[in-house]
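# Any chance you could fold what I've pasted below:
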Amino acid sequence: MTKFILSFAFAAMLLLFAPVHAQFNPQGTTKFMFTAGVGASGWGIPVFGRIEIPVAESITIGGGASFQSNNQRFLNDRWNHSIIGFHGRGSYHFNTILNIPDDFDFYAGASLGYYVWNT
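The predicted model follows:
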């Protein structure tokens, strides 16, 4: 329970003290996009962060990391799991070619990741 409270407090601090934008426009004046959050999973509560930077007019690249832990008990045995993930990603933003206003961000992306699972 203490891990949950600490993870939640850390994520809340990141969200409270960071400027928030609903959409990211790679053609705008923003130099990067940072995302952090807390998720829900059957294997504990994941905490994650991601950053993307524009490299061309409609293309962004970035990466991220995540962490989650879980405890399992079966009869008299107990296992502690920790899962750390790293990934790289790329996105293409279709606003320019589809003539979509800057208030929206229509994009498609792909990511490739690696997870380290310790038990």
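# In this structure, what helix or strand scores lowest on average pLDDT?
The least trusted helix or strand in the chain, going by mean pLDDT, DSSP states H and E, turns out to be helix 2-16, with a mean of 59.
# Next SSE downstream of it?
strand 33-38 (DSSP states H and E).
# Can you point out the buried residues in that following strand?
Neighbour counts over strand 33-38 (16 or more other Cβ atoms under 10 Å) mark 33, 36, 38 as buried. C-betas here are computed from N, CA, C, even on glycine.
# Please apply the same query to stretch 44-60.
Under 16+ other Cβ under 10 Å, the buried positions of stretch 44-60 are 44, 45, 46, 47, 48, 50, 51, 52, 54, 58, 60.
# and what of stretch 61-69?
Under the neighbour-count criterion of 16+ other Cβ under 10 Å, stretch 61-69 has 62, 63, 64, 66, 68, 69 buried.
# tell me which of those is nearest to residue 100?
Checking the buried residues of stretch 61-69 against residue 100 by Cβ to Cβ gives residue 62 as the nearest, at 21.2 Å.
# For residue 40, give me its contacts.
residue 46 (Cβ atoms under 8 Å, 6 or more residues apart in numbering).
# Pairing partners for the host helix or strand of residue 82, with directions?
Using DSSP H and E, residue 82 falls within strand 77-93. When pairing is defined by DSSP bridges, strand 77-93 lines up against strand 59-74 (antiparallel), strand 107-118 (antiparallel).
# looking at those, which is closest to residue 94?
strand 107-118 (6.3 Å).
# quick check: mean pLDDT across that closest one?
Mean per-residue pLDDT for strand 107-118: 93.
# Tabulate the strands paired with strand 77-93 (TSV), appending distance to residue 95.
Output for the strands paired with strand 77-93, formatted as TSV (distance: least, Cβ to Cβ, whole Å):
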stretch	distance to residue 95
strand 59-74	12
strand 107-118	8
